[in-house]
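Engineer: predicted model and sequence below, questions to follow.
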Amino acid sequence: MKSKLNDIYKEWFIQKRSLWKKVLKATLGYEICSILCLVPKVAAAMGPVSYLLPLGSLFFHAGTTIGCQIEQIWLSFCMMLMSAIWCGIIGYLITLYNQARIIYGVPLYDNGGSVIAAIAYFISIFIIAYYRLKYPRLFTPSLQAFVLVFFTLTKQLDATSYNILMLLTIVYPTLIGGGIALTVNLLIWPETAAKAFEESLYNAFYSTRLVLSSIENEFMLEEVAENTSSDITAMKKAKVKLQADMSSLRKAASEAKYELIVSHFSASWFKSTTESLEKMASILASTTLAVEQERKVVLTSKIASQLGAARSNDRHLGVPATVLTIDSEDSLREQHLRRRRSAASREYLTHPNSPYSTVQRIDYKLLPVIQQSISPHVNTFLSICCKCFCAIQYRLTKAKIFTSHAELMNYIDDDQFLSSCTSNDLQDLMSTALDEFKKVEAIIQDGIDKHNTHPREEHYLVYTLVFTLLECGHEILKLDRYTKELVSKRTKYPRIWIPKVTFKKLLTKTSRLTKGSTSPATQAIMENQDIVVLPDMRRTASRMRQDPETVNTEKDDDMDDVEGVYEVPLQNAPGRYWWNRAMLSITRWFQYGPTQYAMKFAISMTILALPAWLPVPGLNAWYNQNHGQWALLSGMVISNFTIGSTLVQSFYRTVATVIGAVWGFIALLAAHQTNPYVLAVMVLIFALPFWFVFLGSKYPRIGLISLLTLVVVVNTGYSDPYNESTFEVVWKRTVTAIIAVFVVMVINYLFWPMWAREEMRKQLALLIMDTGIYYFQVASLACHDNTTSKRWQITYDETEKASKNLQKRLDTVGELFGLSASEPRLTKAPFPRDIYASIIDHERNILFWISHMKRSQRKQLTNIVAHTKVFISEGIRDKIMTQINPYRREMAAAVHLYLFTLAGSLRNKNALPASLPSAEVARQHLQEHLADIWLQVQKGEVLARDVVEEEDISNTRSKPIISGALPYGESQMYWQSYAAGPVQVVVEQETMGELIIKLMGQHVFRVAEKDWARM
């Protein structure tokens, strides 16, 4: 029993110590403001809406960072100031109108003041809502501006004298509440964004080292058994954790960059370190994919040999061997996997004389042999990488960049070298390991020469593994230099760092205070709303416009075929007249997300406030006496970007309102509605668990709305401005919330409904389509032998931009996918989440492999001299790669067409054709001609003239000569590592095709079933 209590204590208090600190701080600020509202003089000074004081401590709670509080309070003040000026002008105009009508007897419309208020109300709500979504940083400050409009333009519409205090009593209570919360945060356990960034940085380091260790453990291929799915799953989990931690690191780095922080280090100093970690994460992603594929291939070969069926995949003709592997987690990758092929493709792949027939297909027989020969070297190198990475992590711990953890210290204690390792020691150790690991290339080449074979798929996988590990080693050396520079910049004392960013850029980022008001997925969508569509990739020419003077200066690059001006597609041709362009701008503005959201929000809020302006005597007084503004507050909180998120927010709003109202009712009953001391104690008792739910659970919105409802019910019941019973306050609060939910949901459904699952499907289709363009761009880089030309540099820059944009769009699709879970399907089967999740996963793998293709031929600074080098030499490009450019182009076109077909089916919800274009046939063509060229090169037929021209053989090291010995294995490694990318892209895209067939179906012609049967 005692041990169980100890476990509970450790789990809920020791491990969540930082969370409890935030909860206690936030509860204290909330409680102080609640007590002040119970003091009669303070309540009178706060005005008729005194509960705005504790609401200020709720919206700017002390559980967040100091920099975030200061920034959000300042933005709220600015928003409220602008809103107050607008409402003050409108209120004064209404007063002048009423004076002219009532006092001076001017014949004006009796309800004219209400009409003016309604028009001004709609305009102000629309503008605030528009900028609320356009600039996510204003999401919380805009709430305060809304409150000012809600309470000023629905009251005293028949007054003949203007009362400025009506504005001030809504402005300063909220700011005072935020100031109290800020004071509490400054005095008790102060925290800035630097703390969260340090924790995220440690988690990223730990996850990276975890992936390195998992690769080392998983690479013992000689011990592969049939039940290795759990081992592969362990490596996948480590990779997923690394990706999640890197995402958290990017977010934490952004928050530290855009907030005021107190630290020994500036957030900008970490840029090189975080970029290096992100690069390592990308490299390790390619490494894990290669290791997973190798293990599956070896496992399949073992099973086939045990069953005496090494050719067991004869009926899977035309499919790469890597597809036909067993994966217990994907039901589509099993022995009964079948694909539709055209009659020509089927005959071509099955004809006995065809080089691609089953009897001549590659079965990866050499892969286990090669892997066993290099396995000791790989394991040794991975062990040194883990050791060096741990030494870097320990150095940062000693510099107090992040706190020490027991896991890290135990690792250090096991190896005394790490505790005393200097930067020079680490550089020497890692450089020596890299030099030793390069021997692996010679081992692989010896295996190829021994079997007298040409480059094959198994060579590509092995070279990919070696290349990515070498890249990882070089990146560790860079990371060591970056961290050494970072530690040297440490200031003696902590200082305040002011964010150095433009105001507009600051507004485009979300704030951590939006937690509870909206979901993390919605926050990510708001941040990336401008990159959801990439018109430049779909509507403009793939080649860049060139300045004629620039073209003429490029002596080594013939660009005469590049036109100076490209024709605009007819569908995008601009109008001839100014009004055509004006109409186009207006149409696009109405199609803009913030415009549609602002219009829906303004309509909803106007409907909820409509009783305050209708020309019915006494209706305005009835609306105010029954707290009609409460419905506006509820609608303001629940309105979100998509129908699904609004529905979830509405559900949470209703449930939390009932919870908060019930607890508020209990508190009022316990205090007999008049005892402030009992009320203060009851609020403290109830607020503590609500704050824990808000800050530390999966349902923060329930905690937020419960706290909001609790303080409104308690303060309204205690002050009793309208002589209401306790139960009346409770049921009015609940009914207004239900009415707001109903109105907001109806308006969201009628006007520009945005279903997350529909938008996710469309954006995923566009992403797949643009992935085909991205592949074509990267493939074109390999078709040019002069990597110093302007043409090559421009294309490479295009791929860099496309890679970043596609990755952000993939993240946005993932967030939309998360929101789709909350949307009901009343007329169809449940939403196929598993299939869409698999499609997104395969799309992510395709982007990884294309980035790997780009990385294997990019330029990079060397460690010794300050000049750049190209991984794939010009000799290899000229004599091997460019020789097969026509076939590479055909394969890129086939990949693009395949992805384009999948995207069209997914976007339009149409069945796929009966036969899909086969990129595998094009790849086999490419592989066949590559083998022929390789055999010619190996025999010396291609470079014979170059060899004859060289009198001194010793000078040939400056220009590698492709001969039978092929001593320059490094040059081979890069282009063969590149060749692994197209193979895996075809595998991933065809698997994705099977998934989309399950979603959208495929045409079947019975008369052709004999020729087009599933294979």
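Structural biologist: Done, it's in.
Engineer: now H784: closest residue in space, sequence neighbours ignored.
Structural biologist: Excluding the flanking residues, the one nearest H784 by C-beta to C-beta, 6 or more residues apart in numbering is W792, at 5.1 Å. (C-beta placed from N, C-alpha, C; glycine too.)
Engineer: ok now do that neighbour, which residues does it touch?
Structural biologist: 781, 784, 786 (C-beta atoms under 8 Å, 6 or more residues apart in numbering).
Engineer: show me the shaky parts of the stretch 51-200 of the chain.
Structural biologist: For the stretch 51-200 of the chain, no stretch has pLDDT under 70.
Engineer: which of the contacts of W792 ranks first by neighbour count?
Structural biologist: Among these, the one with the most neighbours (other C-beta atoms under 10 Å) is L781, at 20 neighbours.
Engineer: quick one on the thing from earlier: pLDDT added to the contacts of W792, as CSV?
Structural biologist: Formatted as CSV, these follow (pLDDT from 0 to 100):
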residue, pLDDT
L781, 85
H784, 78
N786, 76
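Engineer: please narrow those to those residing in helices.
Structural biologist: L781 (DSSP state H).
Engineer: quick check, nearest of the contacts of W792 to T674?
Structural biologist: L781 (78.3 Å; C-beta to C-beta).
Engineer: how far out from the middle of the chain is whichever strand or helix holds R588?
Structural biologist: Applying DSSP states H and E as the criterion places R588 in helix 578-591. Mean-position distance between helix 578-591 and its chain equals 32 Å (C-alpha atoms, centre = their mean, to the nearest Å).
Engineer: which SS class is V262?
Structural biologist: Assigned by DSSP: H, G, I helix; E, B strand; the rest coil, the conformation of V262 is strand.
Engineer: which residues touch it?
Structural biologist: Here V262 is in contact with 66, 190, 192, 194, 494-497 (C-beta under 8 Å, 6+ apart).
Engineer: again, but for A919
Structural biologist: Shown in contact with A919 (C-beta under 8 Å, 6+ apart): 891, 894-895, 897-898, 986, 989-990.
Engineer: that older thread, average model confidence for the helix holding R588?
Structural biologist: Helix 578-591 shows a mean pLDDT of 87.
Engineer: could you export the contacts of W792 as CSV, including distance to W74?
Structural biologist: Listed next are those as CSV, based on distance: C-beta to C-beta, whole Å:
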residue, distance to W74
L781, 48
H784, 53
N786, 54
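Engineer: and which of the contacts of W792 is nearest S431?
Structural biologist: L781 (29.6 Å).
Engineer: so which of the contacts of V262 is surrounded by the most neighbours?
Structural biologist: Counting neighbours by other C-beta under 10 Å, A194 leads these with 26 neighbours.
Engineer: and that residue, backbone torsions?
Structural biologist: Main-chain torsions, A194, degrees, to the nearest 10: phi -60, psi -30.
Engineer: excluding its backbone neighbours, what's nearest it?
Structural biologist: Closest residue to A194 apart from its sequence neighbours, by C-beta to C-beta, 6+ apart: S263 at 3.9 Å.
Engineer: give me the neighbour count for that neighbour.
Structural biologist: 21.
Engineer: L477 now?
Structural biologist: For L477, using other C-beta under 10 Å, the count is 17.
Engineer: quick one: which helix or strand includes it?
Structural biologist: With DSSP H and E as criterion, L477 is part of helix 457-488.
Engineer: average pLDDT across that helix?
Structural biologist: The pLDDT scores in helix 457-488 average 88.
Engineer: and the contacts of stretch 284-294?
Structural biologist: Counting by C-beta under 8 Å, 6+ apart, 208, 211-212, 214-215, 218-219, 221, 232, 235-236, 238-239, 242-243, 322, 325, 367, 371, 461-462, 464-465, 468-469, 472, 845, 848-849, 851-852, 855, 980, 984 sit against stretch 284-294.
Engineer: wouldn't N185 be in contact with I70 here?
Structural biologist: No. Using C-beta atoms under 8 Å as the test, N185 is too far from I70 to be in contact (9.7 Å).
Engineer: so for those two, which sits in the more crowded spot?
Structural biologist: Higher neighbour count among N185 and I70: N185, with 27 against 17, using other C-beta under 10 Å.
Engineer: from A62, how far off is the more buried one?
Structural biologist: Using C-beta to C-beta, to the nearest Å, we find N185 at a distance of 4 Å from A62.
Engineer: list residues touching both of those two?
Structural biologist: Both N185 and A62 are contacted by 25, 29, 69, under the criterion C-beta under 8 Å, 6+ apart.
Engineer: secondary structure element for the second one?
Structural biologist: Using DSSP H and E, the element containing G29 is helix 17-38.
Engineer: next one: I496
Structural biologist: I496 belongs to strand 495-497, assigned by DSSP H and E.
Engineer: give the next helix or strand downstream of that strand.
Structural biologist: helix 503-507.
Engineer: outside of that next one, which residues touch it?
Structural biologist: 135-138, 258, 499.
Engineer: try it again at 6 Å.
Structural biologist: For helix 503-507, the surrounding residues in contact (C-beta atoms under 6 Å, 6 or more residues apart in numbering) are 135, 137, 258.
Engineer: would you mind checking the average pLDDT for that helix?
Structural biologist: Mean pLDDT, helix 503-507: 86.
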